[in-house]
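>>> Coordinates for the following, if possible.
(2 chains)
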Number of protein chains: 2
Amino acid sequence: MKILHTSDWHLGRSLHGYSLIEDQAYVLERLLEKIREDQVDLLVIAGDIYDKSIPTEAAVELFNHFISKVTLEYKISTIIISGNHDSGERIDFGSKLFESQHLYIVGKCPKGYQKVTVKVQDEELDVFMIPYIEPAHVREIAEDDTIKRHDEAMAYLIKAIENEKREVPTLLVAHAFVAGGDVSDSERRLSVVGGAELVSAQHFKNFTYTALGHLHKRQAMGAENIRYSGSLLKYSVSEANQKKGYVLLEIKKQKLVAIEEKELATKRNVRVLTGLLEELIASASLDAHKDDYVFVRIKGVPVADVTATLRHIYPNILGSEWVKDEASGEAVEEQKQVDFMATKEKTVTEVFMEFLDFIGETEFDEEETKYIKEIVQEIEEGKYEA
Amino acid sequence: MKILHTSDWHLGRSLHGYSLIEDQAYVLERLLEKIREDQVDLLVIAGDIYDKSIPTEAAVELFNHFISKVTLEYKISTIIISGNHDSGERIDFGSKLFESQHLYIVGKCPKGYQKVTVKVQDEELDVFMIPYIEPAHVREIAEDDTIKRHDEAMAYLIKAIENEKREVPTLLVAHAFVAGGDVSDSERRLSVVGGAELVSAQHFKNFTYTALGHLHKRQAMGAENIRYSGSLLKYSVSEANQKKGYVLLEIKKQKLVAIEEKELATKRNVRVLTGLLEELIASASLDAHKDDYVFVRIKGVPVADVTATLRHIYPNILGSEWVKDEASGEAVEEQKQVDFMATKEKTVTEVFMEFLDFIGETEFDEEETKYIKEIVQEIEEGKYEA
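Numbering: from 1, shown residues only, chains lettered A, B, ... in the order given. Below you'll find the predicted structure:
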């Protein structure tokens, strides 16, 4: 059984003001070709189909076109969960009707997860789907007031799933922020603060494969069989050096026998160009992909209106910046490692102060300090819990 | 073959600030019961499923619940077209996948109409669906610049359909404003002005039955077999005296043998109460349905804060007004007949002046008059056509 793992499509997204819908339509056509070429039996999309809970009409049309083709023409099984950018309720529309055609879309679900068994020839696979879910919701499902963080919520759901597990290969599909992952600029940065959104990769160790969605960098999370497929396209300048595509797996005789990272051709690339302005202008004549989304890092003496000047050469220029220290002119990719255990030990006050520091607020007068302390106390007393 | 014709659900709608979602859920449960009781073979929803092009999550969930039940449990055929309140693109999501389960949802369609053949036992029916469409769009489809009004657009579509007609009963499903129809306050009133949105009932004379959506009053349009089912609920005070429900048809041996207007039980009614304040207060103690949506017309001497006072008795009071002339204290229902031929002959200037009068603007200085004339001229030259 061949499984294609993808996620974080963010259909309808823009990049520095440029609509990416054409780029998304293009790369999805390539994905359709690959599904055929690679003889995929099961397609898995691990959340964030759309960029917003209310997607644009163009995004809905694109997704509709894609799943209609996969389901009606290719007739393969498809598993889709909602991510934090999707509306579970909206994603669920028609999902019961799709099931007879082996299309399983799970947004809101009463248990917090849903199971489906996929059979291809003599190979059987139990798929457990955990769409993005807030801890408050799991707290209700579990009737357990101690569930406050995403890690505790995931622990509860995994335990419930473990009780249902059989002696067949298992695929877990989840949309979550796994601790230790490399974060890109296109994810919500605030979520890093405090660590309440982080879950441990340990939860996933007993599944044949865990198909994750949320982080935009394709990466394994401590084990080869626990992976983010990464986003469909580069959704920020910080992802310029990342390879985008999908993960292709094979399960044979109940064993995971292959994991491959694959690329997809794109309509336009996201690139960072670094150099002196005159160098960039000179080398542009040899640039065969001037319609790429380029971000320019200029060395040398500052000049006014560089972005506007370069737009004549690169119509889809994203922006520019001056590189003060020439030595650091190489990598733009900015990544943050989050120390999971460290954040878990922090007090609410520490997390709150970290947040205030994060947004640039560090000096407070007496009244403000008093007010902050009151709020922190109220949070600790659970006043703001949903 | 038994056919149930309904339309104008407007899921997610409010009435004077009250969300009607509970009322809508309640009446749809009653509709589900009736579908069983009446042994319906084909359900037809003639547009305006949702109240807005971007429906609320609750509205999407309700519609999802309804069609899942009808399709998966009752296993009957269903025909749904989008209305002017719906987004064709959004309504279309998954529609190709639904077809194998005899659920046909048509929003945007390349030809402007879509055909499907429904078979029940030995009875065959060709269904032609015309979702709400702007003349500009039909103009593109027809490649005919002379199509400017809805009537011309409908004429083109009907002609195209006539070419496809076979010797079997035909059902036309359309969302349009048929000339001569009784209009309620809950429809867009501006559309009345100028008549550009009106279509003639004559277009529909060659179909076995025409299931219309758009006008909220249940009514036949010049012939028994050309009908509006009316809206699911009373969506304005002007509809208080209207009966709401659905139309049930039967086709037997290729003939339309029965047309019945049926009612549905509602959670709360919309009522108009008229009388002296003291009478209304006194009779309220005998009112078994105090949670109805009531609009109050007070006779006698004006008193302050009547709505607030009566809210203690009628928690869902919609509002109140003083009846100056006691003789006219009976009917609130306000209807306008639109003279189709008359509006068709009007010039753009006349229509524009009618519009300005409609919104209460009748006096203009020299500069304003000049500006209006310029705009009218530009309209006549086709400058503002899509």
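>>> Tell me, how many residues neighbour the residue of the stretch 201-350 of chain A found nearest chain B?
Nearest residue of the stretch 201-350 of chain A to chain B: residue A:232, at 19.3 Å (C-beta to the nearest C-beta). Using the backbone N, CA and C atoms, a C-beta is placed for each residue, glycine as well. Residue A:232 has 28 neighbours, counted by other C-beta atoms under 10 Å in any protein chain shown.
>>> Helix, strand, or coil at it?
Following DSSP: H, G, I helix; E, B strand; the rest coil, the label given to residue A:232 is coil.
>>> does the residue nearest to it when sequence neighbours are not counted sit in a helix, a strand or a coil?
Distances taken as C-beta to C-beta, 6 or more residues apart in numbering or on different chains place residue A:9 nearest to residue A:232, at 4.6 Å, with adjacent residues excluded. Residue A:9 carries the three-state label coil when classified by three-state DSSP.
>>> Please list all residues in contact with residue A:107.
By C-beta atoms under 8 Å, 6 or more residues apart in numbering or on different chains, residue A:107 lies in contact with A:81-82, A:86-92, A:95, A:131.
>>> That one: what's its closest spatial neighbour, skipping adjacent residues?
residue A:88 (3.2 Å).
>>> cool, and residue A:216?
Spatial nearest neighbour of residue A:216, excluding adjacent residues (C-beta to C-beta, 6+ apart): residue A:231 at 4.0 Å.
>>> Any idea how many residues pack against that neighbour?
Using other C-beta under 10 Å, residue A:231 has 27 neighbouring residues.
>>> Same check on residue A:31?
Applying other C-beta under 10 Å, we find 21 residues neighbouring residue A:31.
>>> That one looks like it's in a helix, true?
Yes - under three-state DSSP, residue A:31 falls within a helix.
>>> okay, the closest residue to it other than its chain neighbours: pLDDT?
Take residue A:31 and drop its neighbours on the chain: the residue closest to it by C-beta to C-beta, 6+ apart is residue A:264, 6.1 Å away. Per-residue confidence at residue A:264 stands at 96 (pLDDT).
>>> repeat for residue A:154
At residue A:154, pLDDT is 97.
>>> which residues of the stretch 151-300 of chain A score low on pLDDT?
Filtered on pLDDT under 70, the stretch 151-300 of chain A yields the residue ranges A:186-194.
>>> List the residues that contact the residue in it positioned nearest to chain B.
The minimum distance from the stretch 151-300 of chain A to chain B, using C-beta to the nearest C-beta, falls at residue A:175 (18.3 Å). Contacts were defined as C-beta under 8 Å, 6+ apart; by that measure residue A:175 touches A:7, A:46-48, A:81-84, A:130-132, A:212-214.
>>> Among these, which one lies nearest to chain B?
residue A:82 (12.0 Å).
>>> and that closest one, how many neighbours does it have?
The burial count for residue A:82: 29, using other C-beta under 10 Å.
>>> ditto for residue A:100
Other residues within reach of residue A:100, judged by other C-beta under 10 Å, total 11.
>>> Check residue A:91 too.
Residues near residue A:91, counting by other C-beta under 10 Å: 25.
>>> What of residue A:366?
7.
>>> would you turn the contacts of residue A:107 into JSON lines with pLDDT and secondary structure?
Shown next, in JSON lines, are these (pLDDT from 0 to 100; DSSP: H, G, I helix; E, B strand; the rest coil):
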{"residue": "A:81", "pLDDT": "97", "secondary structure": "strand"}
{"residue": "A:82", "pLDDT": "96", "secondary structure": "coil"}
{"residue": "A:86", "pLDDT": "92", "secondary structure": "coil"}
{"residue": "A:87", "pLDDT": "91", "secondary structure": "coil"}
{"residue": "A:88", "pLDDT": "89", "secondary structure": "helix"}
{"residue": "A:89", "pLDDT": "90", "secondary structure": "helix"}
{"residue": "A:90", "pLDDT": "91", "secondary structure": "helix"}
{"residue": "A:91", "pLDDT": "91", "secondary structure": "helix"}
{"residue": "A:92", "pLDDT": "92", "secondary structure": "coil"}
{"residue": "A:95", "pLDDT": "93", "secondary structure": "helix"}
{"residue": "A:131", "pLDDT": "97", "secondary structure": "coil"}
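>>> of those residues, buried ones?
Buried members of the contacts of residue A:107, counted by 16 or more other C-beta atoms under 10 Å in any protein chain shown: A:81-82, A:86-92, A:95, A:131.
>>> just the strands in the stretch 101-250 of chain A please.
With strands called from DSSP state E, counting those that start in this stretch, the stretch 101-250 of chain A shows them at A:103-106, A:114-120, A:123-130, A:170-175, A:177-178, A:198-199, A:209-213, A:219-220, A:226-228, A:245-252.
>>> of all the residues in the stretch 51-200 of chain A, which ones are close to chain B?
With C-beta under 8 Å from any C-beta of the partner chain as the criterion, the stretch 51-200 of chain A comes near chain B at residues A:54, A:57-58, A:60-61, A:63-64, A:67-68, A:71-72, A:87, A:89-90, A:92-98, A:100-101, A:103.
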